[in-house]
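A.B. asks: Pasted the sequence and its predicted model underneath.
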Amino acid sequence: MFDTLSTKLQGVFQRLAGRGKLSEQDVDAALREVRLALLEADVNYAVVKDFLGRVRERAVGAEVTRSLTPAQQVIKIVHQELIQTLGQPAKLDLSGPPPNVVMLVGLQGSGKTTTAAKLALMLRQSGQRPLLVAADTYRPAAVTQLEVLGERLDIPVHSEGTTVAPPDICAHALERARKSAYTVLLLDTAGRLHVDEEMMTELQVIKTRMKPSEILLVADAMTGQDAVRVASEFKQQVGISGLILTKVDGDARGGAAISMRAVTSVPIKFLAVGEKADALEPFYPDRLASRILGMGDVLTLIERAEATLDRDQALAMEKKLRTATFDLDDFLKQLREVRKMGPIGQLLEMIPGLSQVSREVPEEVSEKQLVKVEAIINSMTSQERHYPDIINGSRKRRIARGSGTSVQDVNQLLSQFRQMQKMMKGLASGKRGGLMNLFR
């Protein structure tokens, strides 16, 4: 989401880094470029003005002039102020007696129904017993959609069709939750325009009757400046307690995330980073600020790995790597495990120093390449996977036909795999430079 903003900010700081000392004029010139980058990313003008005022006040003071590396100090200040603008991390308030009620509100098409299912899955994984409530009676497909998602994730859904009033559906769901010991009630309310008084009144009625511990506004990160006005209206009329940004993995310019938090003072609680059911992440301002400035996000990468990868399999793979007995079967297993963690571009963004690389590799190209590699290995026999050296010309032609690729593609994969094996042997034998070759 922040690709354009990130690229421009990193360009500004790279130019600063080439100077030994920074004058006030240098700082002003850099901040003008930062201002442009933020405005082009759709960040609210008042937010930009306040943010840059705080940065300039610190950047032209003794904090920078006395520093041995002034450019790095400016980056540090921007990083800290960006974190302050994005706010503090905030968890769901589930401290009340169960069942705790969480209302999801927002505009039509913002992704509330899918987000409700994702949030329910996350809560179940943390030990809660969620019950989804189909309270969107104005879009017939919404009830069916939630029921299908609930069945797929094995999460119960309370629905009463489209003829019962939403406040009554929610009240009946609360009775069911109390009887069946559900701990969290997730209300999927209908999408509505913030200027629709009748629909907004309905939300107020649900709020009064249900007394929710959280009212979360589900906002499409791609709506730009209009998202700020929407968030402000929902806060004023309903009283939202948090934000969930959807479509964060799209090509939005990212300003909505920064602006909504700063203008409404309501914390961003979750980011929807993909279409899969587990593609919902808690929002950490410091991690997002680091990614925007190209510093990576190793903690999120580790958390994804821990949630996705099999520990026993990883330990067995480590042993194979150390003893240099890694074969194409193992390679295929690792490829599938890594793909579970998300698109390759997203993973590269989280590794410090590789954010630029992730932008240079189009997502569709890298994903197609992984599919091709998997098809080639699947077209090999078990013996060929264990002993790739036996793959001669006729075997290559057979593998290429079976995988829908060319002999050149098969040759390229085998060549890259041999290079990897060679590096592994270098690491296992402790040869000097083995680790650097692996990173290359």
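C.D. replies: Thanks, I have it. Numbers count the residues shown, from 1 in each chain.
A.B. asks: Tell me where the model's unsure across the chain.
C.D. replies: Across the chain, the ranges flagged by pLDDT under 70 are 1-8, 10, 13-22, 61-72, 194-195, 223-225, 249-254, 291-325, 338-367, 423-440.
A.B. asks: Just the strands from the stretch 51-200 of the chain, written as ranges.
C.D. replies: 100-105, 130-135, 157-158, 184-189 (DSSP state E, counting those that start in this stretch).
A.B. asks: in the first one, what counts as buried?
C.D. replies: Put plainly, it is strand 100-105. Using 16 or more other Cβ atoms under 10 Å as the test for burial, strand 100-105 gives N100, V101, V102, M103, L104, V105. The C-beta positions use only the backbone N, C-alpha and C, and glycine is treated the same way.
A.B. asks: quick revisit: quick one, which of the strands of the stretch 51-200 of the chain gets closest to D226.
C.D. replies: D226 sits nearest to strand 100-105 of all the strands of the stretch 51-200 of the chain, at 16.1 Å, using Cβ to Cβ.
A.B. asks: on contacts alone, who are the packing partners of that closest one?
C.D. replies: The contact analysis (3 or more Cβ pairs under 8 Å, 6 or more residues apart in numbering; DSSP states H and E) places strand 100-105 against helix 112-125, strand 184-189, helix 197-210, strand 214-220.
A.B. asks: Deepest-packed of those, please.
C.D. replies: Mean neighbour count (mean count of other Cβ atoms under 10 Å) peaks for strand 184-189 among those, with a mean of 27.
A.B. asks: ok, and what's touching that one?
C.D. replies: By Cβ atoms under 8 Å, 6 or more residues apart in numbering, the residues outside strand 184-189 that reach it are 94, 98-105, 112-113, 116, 119-120, 123, 128-136, 142, 146, 166, 170, 173-174, 177, 203, 206, 210, 212.
A.B. asks: so what strands line up beside it?
C.D. replies: strand 100-105 (parallel), strand 130-135 (parallel) (DSSP bridges).
A.B. asks: Now tell me what touches the first one from outside.
C.D. replies: I take that to be strand 100-105. Identification of contacts with strand 100-105 by Cβ under 8 Å, 6+ apart yields 92-94, 112, 115-116, 119, 174, 183-189, 192, 203, 206-207, 210-218, 234, 238, 240, 244.
A.B. asks: Got the domain ranges for this structure?
C.D. replies: Here the domain parsing of the chain from automatic domain parsing is 3-86, 100-293, 302-439.
A.B. asks: gap between the longest one and the chain center?
C.D. replies: Translated: domain 100-293. Distance of domain 100-293 from the chain centroid (Cα atoms, centre = their mean, to the nearest Å) equals 17 Å.
A.B. asks: Looking at the domains of the chain, which one is packed in the most?
C.D. replies: domain 100-293 (a mean of 20).
A.B. asks: contacting residues for the closest residue in space to S406 that isn't next to it in sequence?
C.D. replies: Leaving out its chain neighbours, the residue that sits closest to S406 by Cβ to Cβ, 6 or more residues apart in numbering is A400, at 5.6 Å. Contact analysis of A400 by Cβ under 8 Å, 6+ apart lists I376, S379, S406, V407, D409, V410.
A.B. asks: Would you check how far apart R58 and R32 are?
C.D. replies: From R58 over to R32 the distance is 17 Å, taken as Cβ to Cβ, to the nearest Å.
A.B. asks: Where do the helices of the stretch 201-350 of the chain begin and end?
C.D. replies: With DSSP state H, counting those that start in this stretch as the criterion, the stretch 201-350 of the chain has helices at 226-237, 255-264, 285-292, 298-308, 311-322, 328-340, 344-349.
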